[in-house]
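1. Okay, here's the prediction I keep looking at, along with the sequence it came from:
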2 protein chains.
Amino acid sequence: MRALWLEGDLSLRSDLPRPVAGPGEALVRVRLAGICGTDLAVTRGYVPFNGVLGHEFVGEIVAAADAPERVGERVVGEINVTCGACPACAAGRGTHCSNRRVLGIRGLDGAFAEYLRLPLSNLHPVPAQVPDEAAVLTEPLAAALRIRAQIDVDASQRVLVIGAGRLGQLAARVLALGGCELLVVARHERQRRALEAAGLRWIDEAAVAAARADMVVEATGAPGGFALARRAVRPGGVICLKSTYRGGPEVDLSSLVVDEVTLLGSRCGPFPPALRLLAQGLIDPSPLIDARYPLGRATEAMAHAARPGAIKVLLTCADAR
Amino acid sequence: MRALWLEGDLSLRSDLPRPVAGPGEALVRVRLAGICGTDLAVTRGYVPFNGVLGHEFVGEIVAAADAPERVGERVVGEINVTCGACPACAAGRGTHCSNRRVLGIRGLDGAFAEYLRLPLSNLHPVPAQVPDEAAVLTEPLAAALRIRAQIDVDASQRVLVIGAGRLGQLAARVLALGGCELLVVARHERQRRALEAAGLRWIDEAAVAAARADMVVEATGAPGGFALARRAVRPGGVICLKSTYRGGPEVDLSSLVVDEVTLLGSRCGPFPPALRLLAQGLIDPSPLIDARYPLGRATEAMAHAARPGAIKVLLTCADAR
């Protein structure tokens, strides 16, 4: 099969064997995949990964020996494959399984391919009214929802989202559903138009008030984004960290103590509520899509996704039905 | 009057005028004061402060034009003097008043003196059954209680307190009241004996298990303490930062995101519950007291408080009744 392969460099290969689903697993034909900032970071060596890149996808089950009734189901998939036996798994915190493999990131070939395999328990059926172009964003939408699972955001609070890429856009949409007073720091025209399309307010970073926000979501992954978040949060407030960082931002722990600021690391989230929000039309991710490339032009698509201001670039992996 | 004066160096002075209580304030005769790690840090230049040092005290009101009925009352005092008008004050978060003065730390002469002045609203009466030697620890006990105001600590959780100085000792005692599984990292024999006296379990830092604690309270203020906390907390867990730091510990923000760890800055806490715990005998701070010096030997007392393993050194400021 064809796939985008990372081994130091990226290459499009067509000589890879189709994966074989083991016990409890399904073989999934990938219809559409999304390129994420993490994919770009993995390509730059953020984690030591060799294999097929990609973790955002929508596809259909084409084989599942243990659940033949699910063949033909249109699905999205949770990306952490857990051991079920370690203390984190036993405590119901599977996303922190110490032996986890992660689709396209750690020990498991990913979604920029014609086919992938995942445990059946990772695969969630997509409601019929959710088109592929929305379903492919279930994973980052779930990551945005994780914020609200970790912290109560009161409707009267002032929330600032820093960064208007794919995750900042989705975090803003999810937080806006709670009725809070929301501003999004957006640098690029493309990002600002996408926010306006959702009725959201953007500001320039130079206009951010100091020590005013009850909560700040830092979604840039840049040290400057963290510095802005630290400046913007009020004493007693929360900075939710949604992105990993290139380079280490300086953190003044003493000032966190004096100002009683909370730093909250936040990663993967729950798929079922993300699918419900998409099915109910409460989140419309379609204005976030920049472009769609066939898998054969995946390296070109990766370059597009890395452009400043790009939000979401998709790959058509197997031929659409 | 006599007082311990900081102006670059420490000096015992006897030429200072007795403070004059303004409208809404009381003049307090200081019976007993406690030396805190923050006092040592202020002496080393942690904040730019010139004046009378000290913020932990018990005393008695000797003058209060606006509340003559309170003269003679034995009191402890909250250390933040707030403006009542800034956004933080308006929101009920007076400890974060942006114009605050802080007793013996910022803009307000402190407690290592025969007399001090504070607003009447800062002064809480001490129940008769609480001796001066316990009441003088109300402020750090309130700071320890702040942890439980900020975060629910479930009785089935594993909690690690790092550092067994005065704040670590009090934090451990307060957390133990919740029934959690508690361990305290203690370096010094003196600290270990004080923990044992309260029925608490201590361990050596070399024995701390990695990624096991649901919550870690970091009470050393040393970069090594933070590194140990980061190693000890489980994914999804909380590190409560109770001390300001000399030197900047390295913080890997990306790993906070991946492991969804929370850093929680924590500072001053509520006096009334601290006084209730002391009055009910649920916290007995008397095993924490190393020594008691008269104010005239305050510099010697400061040196004692700086010794490794010291927990709490007291100063008798005015003559006891």
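-> It's in.

2. Which of the three states applies to A:Trp5?
-> strand (DSSP: H, G, I helix; E, B strand; the rest coil).

3. In contact with the residue nearest to it when sequence neighbours are not counted: list those residues for me.
-> Nearest-residue entry for A:Trp5: A:Arg13, 4.7 Å, with adjacent residues in sequence omitted and distances by C-beta to C-beta, 6 or more residues apart in numbering or on different chains. Backbone N, C-alpha and C define where each C-beta goes, glycine included. Taking C-beta atoms under 8 Å, 6 or more residues apart in numbering or on different chains as the contact definition, A:Arg13 lies against A:2-5.

4. can you list the residues you listed in CSV and add neighbour count and pLDDT?
-> As requested, these are arranged in CSV below (neighbours: other C-beta atoms under 10 Å in any protein chain shown; pLDDT from 0 to 100):
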residue, neighbour count, pLDDT
A:Arg2, 19, 96
A:Ala3, 29, 97
A:Leu4, 28, 97
A:Trp5, 20, 97
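
5. Which member of these is positioned nearest A:Arg44?
-> Within those, the smallest distance to A:Arg44 is 15.0 Å, found for A:Leu4 (C-beta to C-beta).

6. Bridge partners for that closest one, pull those for me.
-> Listed by DSSP bridges, the beta-bridge partners for A:Leu4 are A:Leu12.

7. and if you look at A:Ile35?
-> Taking DSSP bridges as the rule, A:Ile35 bridges to A:Val313.

8. who's in contact with A:Ile35?
-> By C-beta under 8 Å, 6+ apart, the contact set of A:Ile35 is A:54, A:56, A:301-302, A:305, A:312-315.

9. what about A:Gln150, neighbour count?
-> Using other C-beta atoms under 10 Å in any protein chain shown as the criterion, A:Gln150 is surrounded by 18 other residues.

10. pLDDT score for it?
-> Per-residue confidence (pLDDT) for A:Gln150: 94.

11. That one touches A:Cys240, doesn't it?
-> Yes: the criterion here is C-beta atoms under 8 Å, and A:Gln150 meets it with A:Cys240 at 7.4 Å.

12. Quick one: neighbours of A:Leu16, just the number.
-> Taking other C-beta under 10 Å as the definition, A:Leu16 ends up with a neighbour count of 16.

13. any idea how far it lies from A:His55?
-> From A:Leu16 across to A:His55, the span is 17 Å (C-beta to C-beta, to the nearest Å).

14. now swap in A:Arg297 and tell me
-> Distance of A:Arg297 to A:His55, computed by C-beta to C-beta: 20 Å.

15. Can you tell me which residues in chain A are near chain B?
-> For chain A, the residues found near chain B under the criterion C-beta under 8 Å from any C-beta of the partner chain are A:87-88, A:93, A:95-96, A:98, A:150, A:211, A:226, A:234-236, A:241-245, A:248-254, A:256-267.

16. Just the ones of those in helices?
-> Filtering the residues of chain A next to chain B for membership in helices, criterion DSSP state H, returns A:87-88, A:150, A:226, A:253-254, A:256-258.

17. which of those residues sit farthest apart?
-> Across those, no pair lies farther apart than A:Pro87 and A:Val258, at 34.7 Å, counting by C-beta to C-beta.

18. Can you tell me which of the contacts of A:Arg13 is closest to A:Leu120?
-> The closest of these to A:Leu120 turns out to be A:Ala3 (C-beta to C-beta; 21.9 Å).

19. how about the nearest residue to that closest one, chain neighbours excluded?
-> Nearest residue to A:Ala3, sequence neighbours excluded (C-beta to C-beta, 6+ apart): A:Ala113, at 3.4 Å.

20. pLDDT wise, what is the one you found at?
-> pLDDT recorded at A:Ala113 is 98.

21. before we move on, what about A:Tyr46?
-> 82.

22. Next, count neighbours for the nearest residue to it once chain neighbours are set aside.
-> What sits nearest to A:Tyr46 in space, not counting adjacent residues and going by C-beta to C-beta, 6+ apart, is A:Thr244, at 6.8 Å. If you count neighbours by other C-beta under 10 Å, A:Thr244 ends up with 20.

23. give me phi/psi at A:Leu315?
-> Dihedral pair for A:Leu315: phi -120, psi 130, per degrees, to the nearest 10.

24. Pull the contacting residues for A:Asp204.
-> Here A:Asp204 is in contact with A:185, A:187 (criterion: C-beta under 8 Å, 6+ apart).

25. scratch that, A:Gly225 is what I was asking about
-> Each residue near A:Gly225 by C-beta under 8 Å, 6+ apart is listed here: A:162-163, A:218-219, A:243.

26. which residue ranges form the helices in chain A?
-> Residue ranges of the helices in chain A, as given by DSSP H, are A:37-43, A:87-90, A:132-135, A:138-150, A:166-176, A:189-197, A:223-232, A:253-258, A:271-279, A:298-305.

27. Just say which of these is most tucked in.
-> For the helices of chain A, ranked by mean neighbour count under the definition mean count of other C-beta atoms under 10 Å in any protein chain shown, the leader is helix A:166-176 at a mean of 26.

28. What lies in contact with that helix?
-> With C-beta under 8 Å, 6+ apart as the test, helix A:166-176 has contacts from A:34, A:36-37, A:137, A:140-141, A:143-145, A:147-148, A:153, A:159, A:161-162, A:164, A:182, A:184, A:186, A:191, A:194-195, A:198-200, A:217, A:219-220, A:242-243, A:277, A:283, A:285, A:288, A:311-312.

29. on that earlier part again, quick one: which of the contacts of A:Arg13 is nearest chain B?
-> When these are compared for distance to chain B, the smallest value, 23.3 Å, is given by A:Leu4; criterion: C-beta to the nearest C-beta.

30. Could you verify my assumption that the closest one touches A:Val52?
-> Yes: the pair A:Leu4 / A:Val52 is scored as a contact, 6.6 Å apart, by C-beta under 8 Å.

31. shared neighbours, the two?
-> Shared contacts of A:Leu4 and A:Val52, defined by C-beta under 8 Å, 6+ apart, comprise A:112-113.

32. Which parts of chain A belong to which domain?
-> For chain A, automatic domain parsing gives the domain ranges A:3-137+A:285-316, A:150-265.

33. Can you name the residue of the stretch 1-150 of chain A nearest to chain B?
-> For the stretch 1-150 of chain A, the residue positioned closest to chain B under C-beta to the nearest C-beta is A:His96, at a distance of 3.6 Å.
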